[in-house]
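> I would like the atomic coordinates for the input below:
(one chain, ligands or ions: 3)
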Amino acid sequence: MKRILLRVGGLLVVLALLTIGAAAGLAWVLGPPTYDEYSAGDFEFEAQGDVVAGRRLAELTCVRCHYDPTTDSLAGRRLTPEYKALGQAHAPNLTRDEVRGIGLWTQAELVMLLRSGVHPKDKTRLPPWMPFHPGISDVDLANLVAYLRSDDSWVAPQRTPEKRSELSFRSVLQAWAQWEPGPAKLSVVERPPESEPVALGAYLANDLLQCHGCHSASVETVDWVFPHKTDGFYQGGAKVTDLAGNTVVAPGLTPSPKAGIGGWTYEEFRRALIEGVTPVGKIVRWPMPTYPRLTEGEVSAMYAYFQTLSPNNTPLKRAPPYRVSPKIVDPGRHEFERLGCPSCHAPDALGPLSLDKVPEKYPDDASLIEYISDPRFVDPDAWMGAYGKLASEEEMAALAEYVRRRVERGPYAPPPKE
Ligand code: HEC
Ligand code: HEC
Ligand code: HEC
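Ligands and ions are numbered 1, 2, ... in the order given. A predicted model of the protein is given here:
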């Protein structure tokens, strides 16, 4: 009797395994599921947005992935490897080019993609690497869409070669098992007023700027539809990579002294967000964006919101600080590393955001220093942070000399003699 039971049990296990295998194989052959019931017709949107306000939103969100430094536009780029288990992500061309960009998309198609996360063309749900916004308010959505269809130089048509993301086997399985699209119809979403700071802060952090996308357990399991259902919501620990390929761990944002921002004053929080410097004077590394365009009211609303989260008291293992070469060996390189420039421009200054045009565009040190001190003073469209307050005149001079030397003469050129 016992033997028969064992045999039947074994057979069942084998059958179950075969079924799972067959289902996984089928999913791989079929590709990710499609949501054919979603239609752009259900996302017709009346509101007329404001282009300038929309550009600010694009700078606060879209730019960090869709910016292409070679064309100085939103023509897209290959993303860093933090999603490698899910495949290779490529942020597409968002310019108004009619072939390679989104020039022929209707307003309703854009609204459908941003609110529901379902791609209006192939009806698949976007992989987690494209943060869609089910909770974005009507005002912000109208502004963003107006911007994407405007004459701004960032969205002027660019016909760059077409590159698409590739999903891994694992992500196709996850697409069937886990990836949920947002609502299938348009509904009214209000932006909370400044008189309700906690509600406004929650809106900004979760629905608009989506801080939980990095500051939770993992970037792979983030829930864009119901942010608070994200694994380890604001507890931190997600591993991300900077533009030089180094791993950086995102801390929690709960009021915990061990794994969050417990004990931070409002001023300290504001400085981290706007200038990119922590209370102990550390530079906040990419991919943590700096948000120079946020208003005081917005930053204080988010601060108020994070104070209401329940603290996570398990200490986090943060990424070690970058190695900084000694000042006496090469003062310019020391500044370049101390200020965290390699996290975006790569250690050789020739990474995805290459500085190879520096000699041509900034022929003398004064103009280069002016740019690094406050990029928006030189080019109102720049989105790199300002470094003027973080280095003395002497340090800035050494930094400018180093940047120039590195791109003009390569890694082995010695620093100037005293
Ligand atoms: C974290 C990186 C990231 C951010 C931030 C981001 N995107 Fe994307 N976006 C992507 C990636 C990657 C894809 C490609 C999706 C895929 O693999 O199917 C994409 C796809 C898109 C598409 C589809 C384009 C096409 O041709 O298929 C649109 C439209 C889009 N994003 C708009 C935006 C807008 C507007 C913002 C800002 C509100 C934004 N994205 C922010 C990474 C990002
Ligand atoms: C693309 C991922 C990403 C997004 C989006 C993001 N952060 Fe971060 N953030 C990070 C990473 C990674 C660090 C750690 C940087 C380091 O160690 O140098 C960080 C650091 C911080 C710090 C400094 C904390 C400390 O202990 O060093 C604060 C404060 C912060 N983020 C707040 C925010 C807020 C608020 C938002 C949303 C408005 C946000 N972040 C959005 C990735 C992100
Ligand atoms: C958070 C990412 C980031 C960090 C960190 C960063 N930069 Fe940049 N930098 C950029 C981006 C993006 C651009 C392209 C212009 C823009 O802002 O739109 C840029 C442009 C520049 C340019 C002008 C290049 C050109 O062709 O016009 C210089 C020079 C420069 N950075 C130097 C530095 C130095 C020096 C540091 C360190 C003190 C630094 N950057 C840190 C993102 C960054």
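> averaged pLDDT, stretch 154-170. What do you get?
For stretch 154-170, the mean pLDDT works out to 93.
> that stretch and ligand 1, are they touching?
Yes - shown here: stretch 154-170 in contact with ligand 1 (CB under 6 Å from any ligand atom) through residue 165. C-beta: built from backbone N, CA, C; applies to glycine.
> so where do the strands sit in the stretch 201-350 of the chain?
Taking DSSP state E, counting those that start in this stretch as the criterion, the stretch 201-350 of the chain carries its strands at 239-241, 247-249.
> of all these, which lies closest to ligand 1?
Across the strands of the stretch 201-350 of the chain, ligand 1 has its closest neighbour in strand 239-241 (9.9 Å, CB to the nearest ligand atom).
> could the strands of the stretch 201-350 of the chain go into JSON lines alongside distance to residue 147?
Listed next are the strands of the stretch 201-350 of the chain as JSON lines, based on distance: least, CB to CB, whole Å:
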{"stretch": "strand 239-241", "distance to residue 147": "26"}
{"stretch": "strand 247-249", "distance to residue 147": "29"}
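> most tightly packed of the ones you listed?
Counting by mean count of other CB atoms under 10 Å, strand 239-241 has the highest mean neighbour count of these, with a mean of 19.
> given it, what are its sheet partners and their directions?
Paired strands of strand 239-241, with direction, are strand 247-249 (antiparallel) (DSSP bridges).
> ok, the partner strand near ligand 2 or not?
Yes - Strand 247-249 is in contact with ligand 2 by CB under 6 Å from any ligand atom, via residue 248.
> same list (the strands of the stretch 201-350 of the chain) but as a markdown table, adding distance to residue 18 and mean pLDDT.
Shown next, in a markdown table, are the strands of the stretch 201-350 of the chain (distance: least, CB to CB, whole Å; pLDDT from 0 to 100):
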| stretch | distance to residue 18 | mean pLDDT |
| --- | --- | --- |
| strand 239-241 | 35 | 91 |
| strand 247-249 | 38 | 92 |
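> tabulate these in JSON lines, adding columns for distance to ligand 1.
Below are the strands of the stretch 201-350 of the chain laid out as JSON lines (distance: least, CB to the nearest ligand atom, whole Å):
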{"stretch": "strand 239-241", "distance to ligand 1": "10"}
{"stretch": "strand 247-249", "distance to ligand 1": "15"}
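> closest one to ligand 3 among those strands?
Closest among the strands of the stretch 201-350 of the chain, once you apply CB to the nearest ligand atom, is strand 247-249, at 11.9 Å.
> now do the contacts for the closest residue to residue 298 other than its chain neighbours.
Excluding the flanking residues, the one nearest residue 298 by CB to CB, 6 or more residues apart in numbering is residue 204, at 5.7 Å. Taking CB atoms under 8 Å, 6 or more residues apart in numbering, we find residue 204 in contact with 298, 301, 302, 305.
> any idea how far ligand 3 is from the closest residue to the third one other than its chain neighbours?
Which is residue 302. Using CB to CB, 6+ apart and skipping residues adjacent in sequence, the residue nearest residue 302 is residue 201, 4.3 Å away. Note on residue 201: its distance to ligand 3, by CB to the nearest ligand atom, to the nearest Å, is 24 Å.
> mind listing what residue 201 touches?
301, 302, 303, 304, 305, 306.
> most neighbours, which of the residues you listed?
residue 302 (27 neighbours; other CB atoms under 10 Å).
> could you check the pLDDT of that one?
98.
> assess the claim that it and residue 205 are in contact.
Yes - at 5.2 Å, residue 302 counts as touching residue 205 under the criterion of CB atoms under 8 Å.
> who touches both of those two?
residue 211.
> filter the contacts of residue 204 down to the ones in helices?
Counted as lying in helices by DSSP state H, out of those, are 298, 301, 302, 305.
> in contact with the last one, which residues?
Taking CB under 8 Å, 6+ apart as the criterion, residue 305 is in contact with 197, 198, 200, 201, 202, 204, 205.
> again, 6 Å this time
198, 201, 202, 205 (CB atoms under 6 Å, 6 or more residues apart in numbering).
> mind saving the C-alpha coords of stretch 99-109 as CSV?
Output of stretch 99-109 as CSV, limited to C-alpha atoms (Å, rounded to 0.1, in the frame of the first residue of the first chain):
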residue,chain,number,x,y,z
VAL,A,99,10.2,57.1,-37.7
ARG,A,100,12.5,56.5,-34.7
GLY,A,101,10.8,58.7,-32.1
ILE,A,102,7.2,59.2,-30.9
GLY,A,103,6.3,61.9,-33.4
LEU,A,104,3.3,60.0,-34.7
TRP,A,105,1.9,59.0,-31.3
THR,A,106,-1.4,60.5,-30.4
GLN,A,107,-1.9,62.3,-27.1
ALA,A,108,-4.3,59.4,-26.0
GLU,A,109,-1.6,56.9,-26.7
